[in-house]
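**Student:** Attaching a predicted model along with its sequence, questions to come.
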Amino acid sequence: MQGLNDAAVLHNGVRMPWLGLGVWKAKTGGEVETAVRLALKAGYRSIDTAAAYGNEEGVAKGIAESGVARDEIFIATKVWNNDQGYDNTLRAYEDSCRRLETDIIDLYLIHWPVAGKFKDTWRALEKLYKDGAVRAIGVCNFHTHHMMELLTDAEMKPMVNQVEYHPLLTQPELVAFCQNNGIVFEAWSPLMQGNLDLPEIAELAAKYKKSPAQIVLRWDLQHGIVTIPKSVTESRIRENADVFDFVLSEEDMARLDGLNQNKRFGPDPDNFDF
């Protein structure tokens, strides 16, 4: 990985940037529009949003204001829980396309594994993929058992599984399952929602003359994990992208791996209620 232009290759050959901008909790309107515009001007080419974030329209405006051509940008969005099921998902896709002002979505994801619905939702995603309406399809927040249940009936396996992942929640078995099956593993909340105040991270930040956030993002990338840190401030957007000019040693990678506590800052995919 040499820079922001480097990409993971999904199992269907589509290229997905290793580093992107997440816009969870970015307010629709000026805040998300500015964040997207600044990120694209800083060299980002991947934006991750969702219907549930309520800011797809703002993402579209930020892209338009950036001057970067649409075909240079990888846009991911997600079908929300209330819209799951076959027909509902097809309608939700059309709604997201309208809000994003695009004819095709680069990566369409199931947001959460809603019991009794996610298989029908996946069938809809497979149809969208076969119809050429999306370039890639995947899931979010799927444990291994969700993945195995999905794969019993799926015509194609997900290209991506986006889950909470950071030094306090490393999920090695799930990472191994995805990587062994050619499913790109992607981290949301890689910066632990700002809870980076750990002595080990601080020591490595001083050692490498980088910020704690940069240390953690570099750790993600060296593990071969796509990551989408969220920020709405220009300095942090640029800082988060400045992680391609250093390499963590094997010893320091192992030190960060050892921080795992199976600690979540978001809901457990086996126990969510929304």
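**Tutor:** Everything's here; your move.
**Student:** use CA for all of it now, contacts and neighbours both
**Tutor:** Fine.
**Student:** Next up, the contacts around residue 65.
**Tutor:** Residues counted as contacts of residue 65 (CA atoms under 8 Å, 6 or more residues apart in numbering) are residue 37.
**Student:** next one: phi and psi at it?
**Tutor:** Residue 65 has phi and psi values of phi -70, psi -20 when expressed as degrees, to the nearest 10.
**Student:** before we move on, what about the one 5 residues further on?
**Tutor:** According to degrees, to the nearest 10, the main-chain angles of residue 70 amount to phi -60, psi -40.
**Student:** Burial check on it, number of neighbours?
**Tutor:** 13 (other CA atoms under 10 Å).
**Student:** Same question for residue 245.
**Tutor:** Around residue 245 there are 9 residues (other CA under 10 Å).
**Student:** how near is it to residue 215?
**Tutor:** As for residue 245, its distance to residue 215 is 12 Å (criterion: CA to CA, to the nearest Å).
**Student:** what's the answer for residue 61, then?
**Tutor:** 32 Å.
**Student:** Which one's more surrounded, these two?
**Tutor:** The residue with more neighbours, out of residue 61 and residue 215, is residue 215; 26 against 21, by other CA under 10 Å.
**Student:** How confident is the prediction for that one, by pLDDT?
**Tutor:** Looking at residue 215, its pLDDT is 98.
**Student:** That one looks like it's in a helix, true?
**Tutor:** Yes: checked against DSSP: H, G, I helix; E, B strand; the rest coil, residue 215 lies within a helix.
**Student:** Residue 164 contacts residue 187, doesn't it?
**Tutor:** Yes: contact status for residue 164 versus residue 187: in contact at 5.6 Å, counting by CA atoms under 8 Å.
**Student:** count of neighbours near residue 183?
**Tutor:** 20.
**Student:** thought it was touching residue 160?
**Tutor:** Yes: under the criterion of CA under 8 Å, residue 183 makes contact with residue 160 at 5.3 Å.
**Student:** okay, and the common contacts of these two?
**Tutor:** Shared contacts of residue 183 and residue 160, counting by CA under 8 Å, 6+ apart, come down to residue 10.
**Student:** gap between residue 128 and residue 135?
**Tutor:** According to CA to CA, residue 128 stands 9 Å off from residue 135.
**Student:** The nearest residue to residue 202 once chain neighbours are set aside: neighbour count?
**Tutor:** Of all residues not flanking residue 202 in the chain, residue 212 sits nearest, at 6.0 Å (CA to CA, 6 or more residues apart in numbering). Residue neighbour count, defined by other CA under 10 Å, stands at 23 for residue 212.
**Student:** right, and residue 212 touches residue 196 too?
**Tutor:** Yes: between residue 212 and residue 196 there is a contact at 6.6 Å, judged by CA under 8 Å.
**Student:** so where do the strands sit in the chain?
**Tutor:** Applying DSSP state E to the chain gives strands spanning 7-9, 15-17, 21-22, 46-48, 74-79, 107-110, 137-140, 160-164, 184-188, 226-227.
**Student:** For residue 128, list the residues it contacts.
**Tutor:** Residue 128 makes contact with 90, 134 under the criterion CA under 8 Å, 6+ apart.
**Student:** and what of residue 212?
**Tutor:** Counting by CA under 8 Å, 6+ apart, residue 212 makes contact with 196, 201-202, 204-205.
**Student:** For the nearest residue to residue 66 once chain neighbours are set aside, grab the count of nearby residues.
**Tutor:** Leaving aside its chain neighbours, residue 66 sits nearest to residue 37 (4.8 Å; criterion: CA to CA, 6+ apart). By the criterion of other CA under 10 Å, residue 37 has 22 neighbours.
**Student:** likewise the one 3 residues further on?
**Tutor:** Burial of residue 40, expressed as a neighbour count using other CA under 10 Å, amounts to 24.
**Student:** So for the nearest residue in space to it that is not next to it in sequence, what's the pLDDT?
**Tutor:** Nearest residue to residue 40, sequence neighbours excluded (CA to CA, 6+ apart): residue 66, at 6.4 Å. We have a pLDDT of 97 for residue 66.
**Student:** Compute the distance between the nearest residue to residue 103 once chain neighbours are set aside and residue 48, please.
**Tutor:** Distances taken as CA to CA, 6+ apart place residue 97 nearest to residue 103, at 6.2 Å, with adjacent residues excluded. Residue 97 is 14 Å from residue 48, where distance means CA to CA.
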